[in-house]
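Colleague: below are the sequence and a predicted model; questions follow.
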Amino acid sequence: MEKQNYEKKAYEIMKEKILNGQLRTGDRVPENTIAKELGISRTPVRRALVMLETEGFLTIESNRGAFVSETKVTVGKFIEMLEMLEVLTIKTMRKIENKGILFEPEHLYKRLSIMEGYLKADNRSGFAEEVWQIIFDFIAYMGNSYADSTVRKMGIDFLTKAPKEIILIPFHNGAYLIEHYMRMNELLITKNFDKAEIIVRELVNYFIIKTFR
């Protein structure tokens with residue numbers, strides 16, 4: 001078996017143990033045990049641990065090892081995500097405004113068209129993934145690697161750790177979401193950043209209210 005396959009196998013085994021509850025929040029991941037279980041060295045296991053940390057499943061502490069992170073996106077966590085996305089989206093818009101960055105609306109329109117298709121086809125997972133891709137694409141205008149990694153991690157957490165009732169919130173309010181994305185896009189084209197900011201705040205407040213219902 002190639003080294004890459006060792007890493008993949010270790011990654012899959014550890015992720016499965018986390019998702020099925022064998023390893024719970026706060027548990028130390030037994031690196032040696034995993035290596036022995038698979039009959040491999042600790043090196044590919046360590047690399048797999050780094051992959052899982054990148055995806056938010058683990059926290060690696062110097063001289064202590066890897067520990068299982070919170071594996072469920074609660075309502076409170078989702079609200080925090082929404083509030084963070086509001087801040088990052090508005091900051092991105094203001095950077096586009098202040099730096100005169102060229103905003104290209106065609107890309108967003110294409111993604112919105114894909115979202116509409118998923119909504120009509122009742123493709124809930126595809127819709128959720130496309131929502132996060134749109135967010136990530138827009139935040140990329142900020143040109144900030146920390147913001148990029150923050151949004152990417154939030155997206156992975158949402159798609160892999162959120163319970164079904166939270167994942168379905170954007171889908172069940174898909175028409176509203178698409179409509180507001182369209183309005184925001186049009187306002188950015190005309191460089192009406194103040195009104196675009198209002199749309200973002202309205203959108204976030206709407207989803208916070210829907211989350212509690």
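Modeller: Everything's here; your move.

Colleague: sticking with the residue nearest the centre of the chain, tell me its helix or strand.
Modeller: For the chain, the residue sitting closest to the mean C-alpha position, by CA atoms, centre = their mean, is Gly155 at 0.6 Å. Counting by DSSP states H and E, the element that carries Gly155 is helix 145-161.

Colleague: what's the first helix or strand after that helix?
Modeller: Helices and strands here follow DSSP H and E; after helix 145-161, the next one along the chain is helix 164-172.

Colleague: mind checking how far the spatially closest residue to the residue nearest to the centre of the chain that is not a sequence neighbour is from Val68?
Modeller: Among residues not flanking Gly155 along the chain, Trp132 sits closest, at 3.7 Å (CB to CB, 6 or more residues apart in numbering). Any C-beta I mention is one placed from the backbone N, CA and C, and that applies to glycine too. Going from Trp132 to Val68 by CB to CB, to the nearest Å gives 23 Å.

Colleague: need the next SSE after the helix-or-strand element of the chain with minimal mean pLDDT, C-terminal direction.
Modeller: Lowest mean confidence among the helices and strands of the chain (mean pLDDT, DSSP states H and E): helix 3-19, at a mean of 84. Scanning forward in sequence from helix 3-19 by DSSP H and E, the next helix or strand is helix 31-38.

Colleague: that next one packs against which elements?
Modeller: With contacts taken as 3 or more CB pairs under 8 Å, 6 or more residues apart in numbering; DSSP states H and E, helix 31-38 sits against helix 3-19, helix 42-54.

Colleague: hmm, Ile114 and Ile134 touching each other?
Modeller: No - here Ile134 does not reach Ile114: they are 9.2 Å apart, not a contact under CB atoms under 8 Å.

Colleague: I'd assumed Ile135 was in contact with the residue nearest to the centre of the chain.
Modeller: Yes - between Gly155 and Ile135 there is a contact at 7.2 Å, judged by CB under 8 Å.

Colleague: in the protein, spot the helix with the most residues.
Modeller: Longest helix in the chain, counting residues (DSSP state H): helix 75-99.

Colleague: number of nearby residues for Asp157?
Modeller: As a burial measure, Asp157 scores 21 neighbours (other CB atoms under 10 Å).

Colleague: now swap in Gly39 and tell me
Modeller: Using other CB under 10 Å, the number of residues around Gly39 comes to 8.

Colleague: on that earlier part again, show me the contacts for the residue nearest to Gly155.
Modeller: Counting by CB atoms under 8 Å, 6 or more residues apart in numbering, Trp132 touches 151, 154-155, 158-159.

Colleague: change it to 7 Å
Modeller: Contact analysis of Trp132 by CB atoms under 7 Å, 6 or more residues apart in numbering lists 155, 158-159.

Colleague: any idea how far it is from Ile167?
Modeller: Distance, Trp132 to Ile167, by CB to CB: 11 Å.

Colleague: do the same with Arg94
Modeller: Distance, Arg94 to Ile167, using CB to CB: 30 Å.
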